[in-house]
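Student: Have a look; sequence and predicted model below, questions after that.
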Amino acid sequence: MDCDWPLLGPLRWLHYVNKQVKVRTGKGDEHSGWLLSVDPVSASAVLLTFSETAASVRVVMGHAVKEVEVLREADEVTAERLRAALLPPSPPSLDPEELRRRRGGVRRWLQENRVPVEEQGEQLTVAGVLTITAPYTAEDCSSSNQIILDRIQRLIRTQN
């Protein structure tokens, strides 16, 4: 479809989402992939391509888009891959005993490093301003205080 892409608007862009498309730019470049999303402010197209082992994302700036051609619709398997493409991998399921052991190990490590930590049910609380939830890794820390968050995450990473 030869179009003025940025002027189409979100309702028209939705007709292209989850479809394999070929995007041509004003410079004559062509980019193919599955249209994952369109930024509503810049009209930039987010294209996803799959290989056997990975996926790659390309963003085509909205002002550069001159033509969008639909190549095919997504089947059920492809639609599911598109939905899951940018989600973080699900954490491995750990049994309650392993979680208890990890929680205790992190608590002891923090205490050995003179960090005030308390167990509150299934989570750890550090100095009343940071919480650590299962599976008790640096990525499972949350706090509104960025300095404390960074320091505790670095400390937990050194534990391993």
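Tutor: Nice, thanks for sending it over.
Student: contacts, neighbours, all on C-alpha from now
Tutor: Will do.
Student: Just the helices from this protein, written as ranges.
Tutor: Remark: helices assigned in the chain by DSSP state H are 5-8, 10-13, 76-84, 96-112, 146-159.
Student: What is the last one packed up against?
Tutor: Other elements packing on helix 146-159 under the criterion 3 or more CA pairs under 8 Å, 6 or more residues apart in numbering; DSSP states H and E are helix 96-112, strand 141-143.
Student: which of those sits most buried?
Tutor: strand 141-143 (a mean of 18; mean count of other CA atoms under 10 Å).
Student: got the contact list for it?
Tutor: With contacts defined as CA atoms under 8 Å, 6 or more residues apart in numbering, strand 141-143 is touched by 129-133, 149, 153.
Student: and what of stretch 108-127?
Tutor: Outside stretch 108-127, the residues that reach it (CA under 8 Å, 6+ apart) are 103, 107, 131-134, 155-156, 159.
Student: what comes up buried for the helix-or-strand element of the chain with minimal mean pLDDT?
Tutor: Confidence across the helices and strands of the chain bottoms out at helix 76-84, with a mean of 85, counting by mean pLDDT, DSSP states H and E. Within helix 76-84, the residues that count as buried by 16 or more other CA atoms under 10 Å are 79, 82.
Student: With only the CA atoms kept, save that helix in CSV.
Tutor: Provided in CSV are the C-alpha atoms of helix 76-84 (Å, rounded to 0.1, in the frame of the first residue of the first chain):
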residue,chain,number,x,y,z
GLU,A,76,-1.6,-19.6,15.4
VAL,A,77,2.0,-20.7,16.1
THR,A,78,3.5,-17.5,14.8
ALA,A,79,0.9,-15.4,16.6
GLU,A,80,2.0,-17.0,19.9
ARG,A,81,5.7,-16.5,19.1
LEU,A,82,4.9,-12.8,18.5
ARG,A,83,3.1,-12.5,21.8
ALA,A,84,5.9,-14.1,23.7
